[in-house]
Structures are given as structure tokens and as C-alpha cells.
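Asks: This is a predicted model, with the sequence first.
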Amino acid sequence: MKIGILQTGLLPDSLSARWGQYADIFARHLEARGFETAAWSVVEGAFPDGPQAADGWLITGSKHGAYEDHDWIPPLEALIRDIRDSGRPLVGVCFGHQIIAQALGGRVEKYEGGWAVGAHTYDFRDGPKTINAWHQDQVIAVPDGAEIVATNPFCAYAALLYADRIYSVQAHPEFDDDFTQALIDERGPGIVPDALLEGARAKLGTPTDRAAIWDQFERFFREGRLT
């Protein structure tokens, strides 16, 4: 099964030298589970011909806001709707979670409660799961028909399911502790309040359930179900 990765952000050289770009990080996880991958850097204007270019799709995170005025956002929203209409499975992570909701009639804003960074625990249907987060924007109104799959007091719409064909999560199952620490050290200062960065640093080493979310993604792509 071929998964098309839609890259919506770029890592700085200091991080990409070690991990590659976002598409590379996701490709490693997907290929380790037996998927074939192809990537399009939509943030740089590279788009597939249409939903038929892959069997399933994944949209990455980004430093950009879904509500910002970028030339690549309207065609990405149109592609999301085309993928939905094609019946192919689509997964979104962080920005991917947000842009899917916006494209399908929801609303995304810079959250008045501020940032979520580091390990956070979310109430999923099958129990609590701890995942690394890094975001200030949130989905604040869900599209019609979207089911809430996960929530916590800080992020009401932490995971959404759309008719068993689209699944999205706000947190980052692709972020391990090393990557999260690099974000704390290199991306956070001057942007994220120091107290939040130190709180996230203190939680490094907390066991996470990122593998369980990847299990969800695999089942969703292959079987159209989460559990």
C-alpha cells in the first residue's frame, strides 16, 4: 500500500541534518510497518496530480497556521476534499489535523490558553494515552459529522474521526524524546514561555504511547478502523 505524504512545513538545518525533513520522519515510521511512501512538499508548491497518486494519504505538521494567507493552503484544502470524495484514507497530524478540520468546515485559531509542549495525556475511547505535543493553534469548532476520538482539559478536540475514512490527531506520535528535546532547545526559546519549556524538559523520559497511535494509523490505513 502506497501512502502519499503531504509535507506542510520545513525543519531548520540544525534539525534536518539529524532527522531529515518531516516527510522523512513519517516515511521511516510508515516504511517500518511495510508501507511504500511518496512525498510532496506542498509547502513549497509541489502537489500530486490528485488522490489517485497514492492509496492513502498523510498530512504532516508545520510551523504555519491553517488560517494564514499562503498560496499553497487553498489547493491543499481542495486536495483534502478530493481525497475525502475519493474514499481513500487520510491521516493528519498537528497542522494536518487542523487543516483537515478547516477544509471540511471547522475552525482553527491560535488558542487563547497558549502552548502545549512535551508529554500530554489524552482521553481516547480505549483509555488514556500520553503523546508529545507542540502546538499553540487548535481546532476550536469541529466540522459537521466529525466524531471526537480524544480530548483533554487543554485540547477539547485532540483527535477526530470522519466517517471512518479520515483520522487526525493534534499531538505528535512521530516525536520521540530526542526530537522533543531538540525542539525545546532550538525552536522554543523566545517563542514558547520559559516555564512551559522547563516543564516539558522535566517530563522528558515520561513513557509515551506513541507506538499505540502508530498502531492506530496502520489499522486505519489497512482496515479503516482504529481498534
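Replies: Perfect, I can see it now.
Asks: For the rest of this, base every contact and every neighbour count on C-alpha atoms.
Replies: Noted.
Asks: which ones are touching Ser41?
Replies: By CA atoms under 8 Å, 6 or more residues apart in numbering, Ser41 lies in contact with 6-9, 47.
Asks: Also Phe124?
Replies: Counted by CA under 8 Å, 6+ apart, Phe124 has contacts 149-151.
Asks: Could you tell me which of those residues belong to strands?
Replies: Among the contacts of Phe124, the members found in strands (DSSP state E) are 149-151.
Asks: most neighbours, which of those residues?
Replies: Using other CA atoms under 10 Å as the neighbour criterion, Ala150 leads the ones in strands among the contacts of Phe124 with 23 neighbours.
Asks: do you know how far the residue most central in space within the chain is from Pro12?
Replies: Central residue of the chain (CA atoms, centre = their mean): Val93, 1.0 Å from the mean position. Distance, Val93 to Pro12, by CA to CA, to the nearest Å: 19 Å.
Asks: try Gly199
Replies: Applying CA to CA to Gly199 and Pro12 gives a distance of 24 Å.
Asks: Asp164: which of the contacts of Phe124 is nearest?
Replies: Within the contacts of Phe124, the smallest distance to Asp164 is 11.5 Å, found for Val149 (CA to CA).
Asks: Correct me if wrong: that closest one contacts Ala156.
Replies: No. Between Val149 and Ala156 there is no contact under CA atoms under 8 Å: 10.1 Å.
Asks: related to what we said a few turns ago, mind putting the ones in strands among the contacts of Phe124 into JSON lines with pLDDT and distance to His120?
Replies: Below are these laid out as JSON lines (pLDDT from 0 to 100; distance: CA to CA, whole Å):
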{"residue": "Val149", "pLDDT": "97", "distance to His120": "16"}
{"residue": "Ala150", "pLDDT": "98", "distance to His120": "12"}
{"residue": "Thr151", "pLDDT": "98", "distance to His120": "11"}
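Asks: so where is this structure shaky, pLDDT-wise?
Replies: Counting by pLDDT under 70, the chain shows no low-confidence range.
Asks: show me where it has helices.
Replies: Applying DSSP state H to the chain gives helices spanning 13-19, 22-32, 73-86, 95-103, 177-182, 194-202, 210-223.
Asks: Of those helices, which stretch is the most buried?
Replies: helix 95-103 (a mean of 26; mean count of other CA atoms under 10 Å).
Asks: Kindly export it (C-alpha atoms) in PDB.
Replies: Provided in PDB are the C-alpha atoms of helix 95-103 (Å, rounded to 0.1, in the frame of the first residue of the first chain):
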ATOM      1  CA  PHE A  95      -1.200  21.100  11.400                       C
ATOM      2  CA  GLY A  96      -2.600  18.200   9.400                       C
ATOM      3  CA  HIS A  97      -5.300  17.700  12.000                       C
ATOM      4  CA  GLN A  98      -6.100  21.400  11.800                       C
ATOM      5  CA  ILE A  99      -6.100  21.900   8.100                       C
ATOM      6  CA  ILE A 100      -8.400  18.900   7.600                       C
ATOM      7  CA  ALA A 101     -10.900  20.400  10.000                       C
ATOM      8  CA  GLN A 102     -10.700  23.800   8.400                       C
ATOM      9  CA  ALA A 103     -11.100  22.300   4.800                       C
END
